[in-house]
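J.: this one's sequence-less:
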């Protein structure tokens, strides 16, 4: 069983409520750079970037700080992380993030808070 966020970019209106929800939930501030979900606006429309739980980062972590839980969600154990950021470099979707104010990389853990607050249902929590 795998839990992840399913996105529908065609429904996204770039209101950025998802980014705000995420950064406020995890870092207690409204800061898109500290959001695990990112909205990108371009000429062809909006794109929603979020971790798809592919597990590529797990294999490159030198301290085994990145593991997959029973729901198939990739999790970072901050107590084991040394901040090598190899996971950030290896992420094929650029969904593993770093911020100058934070010691460890961060990513979406499919908590679903953004999906609950999305006014257009462009983000949905899915379990397969």
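T.: Here it is on my side, so go on. Here the structure is a predicted model, which is why all the values come from computation and not from measurement.

J.: gap between the residue nearest to the spatial centre of the chain and residue 74?
T.: Using C-alpha atoms, centre = their mean, the residue of the chain that lies closest to the mean C-alpha position is residue 108, 2.6 Å off. To residue 74, residue 108 is 9 Å away according to C-beta to C-beta, to the nearest Å. C-betas here are computed from N, CA, C, even on glycine.

J.: which residue ranges form the helices in this protein?
T.: 17-27, 56-60, 86-90, 113-117 (DSSP state H).

J.: For residue 47, find the nearest of these.
T.: Judged by C-beta to C-beta, the one of the helices of the chain that comes nearest to residue 47 is helix 17-27, at 12.5 Å.

J.: which parts of the closest one are buried?
T.: Neighbour-count burial for helix 17-27, counted by 16 or more other C-beta atoms under 10 Å, picks out 17-23, 27.

J.: quick one: the residue in the chain sticking out farthest from the centre from residue 25, how far?
T.: Distance from the centre of the chain peaks at residue 43, with 23.4 Å (C-alpha atoms, centre = their mean). Distance, residue 43 to residue 25, by C-beta to C-beta: 31 Å.
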